[in-house]
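Chemist: here's a sequence, model it:
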Amino acid sequence: MKKIGIFALCISLILSSCGSMNNTTKKGLIGGGAGAALGAIIGGIAGNGKGALIGAAIGTAVGGTAGALIGKKMDKAAAEAAAIEGAKVEQVTDSNGLQAVKVTFDNNILFATGKSTLSSDAQASLSQFANDVLRKNAEMDVEIQGYTDNQGWKGSTAAQSQQKNITLSQQRAQSVASYLLGCGVSNTQVKNVVGYGEANPVADNSTKAGQEQNRRVEIYMYASTQMIQSAEAGTLK
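Modeler: Residues are numbered from 1 along each chain as shown. Predicted coordinates for the structure are as follows:
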């Protein structure tokens, strides 16, 4: 295994083609009518085929006003995450077509080669992320996903290496989750922790630079059922 990538997060608006429309208006459009279907399509693109799967579908369309309220909260959470040094945030959509926040951790300062123990630098960054973002947005649910590059393990077949990469990515995602919980994040907020190994690459694995980008941990923040209900009731602040 190669050395695991650097800590990073990225921010982009998936509805840039809407021109002069502001973020709140865009979220309102996604939140109502055909928004769920449109959001699933956009989420699939922005989340490399996985964005549309984030969050538990509530089975009914979310109203435009509620979608706008949730979008405003997600904008604020994205700004808080982006304020962390070296952090980037990407805005995606969840399974309900609502705005969600994707925080990507590339792993160079997170883990040593082939290991799942967090570095001291990673602990400092994650502590700030837990206290300045997750704990301040406890009404948002969280999913943590781990990934590796496609490099093989010495003495292993291709199939064995793939399985080892899955296991390693799961261990790294769990290390991040455990540290965040140790920083006071509620275990009821973290809904899923999963490793996907070398699946869903975001860059070309034939180059070292691409491999570094593919070695990452992603954290998704999305509206919980309670948050959606509060938005529908107009009480979400």
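Chemist: and residue 141, what does it touch?
Modeler: 55, 189, 191, 221, 222, 223, 224 (CB atoms under 8 Å, 6 or more residues apart in numbering). No exception for glycine: its C-beta is placed from N, CA and C like everyone else's.
Chemist: grab the nearest non-local neighbour of it.
Modeler: Taking CB to CB, 6 or more residues apart in numbering, and ignoring the residues beside it in sequence, residue 141 has residue 224 as its nearest neighbour in space, at 4.4 Å.
Chemist: quick check: that neighbour touching residue 142?
Modeler: No: in this structure residue 224 lies outside contact range of residue 142 using CB atoms under 8 Å: 9.4 Å.
Chemist: can you tell me the average pLDDT over the lengthiest helix in the chain?
Modeler: Ranked by number of residues, the top helix in the chain under DSSP state H is helix 158-182. Averaged over helix 158-182, pLDDT sits at 94.
Chemist: after that helix, which helix or strand is next?
Modeler: strand 190-195 (DSSP states H and E).
Chemist: give me the distance from that next one to the chain's centre.
Modeler: Put simply, strand 190-195 sits 11 Å off its chain's centre (CA atoms, centre = their mean, to the nearest Å).
Chemist: buried ones in it?
Modeler: 190, 191, 193, 195 (16 or more other CB atoms under 10 Å).
Chemist: among the contacts of residue 141, name the ones in strands.
Modeler: Cross-referencing those against strands under DSSP state E gives 191, 221, 222, 223.
Chemist: distance of the third one relative to residue 189?
Modeler: With the distance defined as CB to CB, to the nearest Å, residue 222 ends up 11 Å from residue 189.
Chemist: where does the chain have low pLDDT?
Modeler: 1-52, 85-87, 106-109 (pLDDT under 70).
Chemist: can you give me the helices in it?
Modeler: 23-31, 35-46, 64-82, 120-129, 158-182, 208-214, 225-233.
Chemist: picking that back up, can you pull the contacts of the residue nearest to residue 141?
Modeler: Residue 224 neighbours (CB under 8 Å, 6+ apart): 139, 140, 141.
Chemist: switch these over to a markdown table; also include distance to residue 209.
Modeler: Shown next, in a markdown table, are those (distance: CB to CB, whole Å):
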| residue | distance to residue 209 |
| --- | --- |
| 139 | 38 |
| 140 | 32 |
| 141 | 33 |
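Chemist: which of the residues you listed sits closest to residue 121?
Modeler: When the contacts of residue 224 are compared for distance to residue 121 (CB to CB), residue 140 wins out at 25.5 Å.
Chemist: and for the residue lying closest to the closest one once chain neighbours are set aside, the neighbour number?
Modeler: Residue nearest to residue 140 in three dimensions, not counting chain neighbours: residue 221, with 4.6 Å by CB to CB, 6+ apart. If you count neighbours by other CB atoms under 10 Å, residue 221 ends up with 27.
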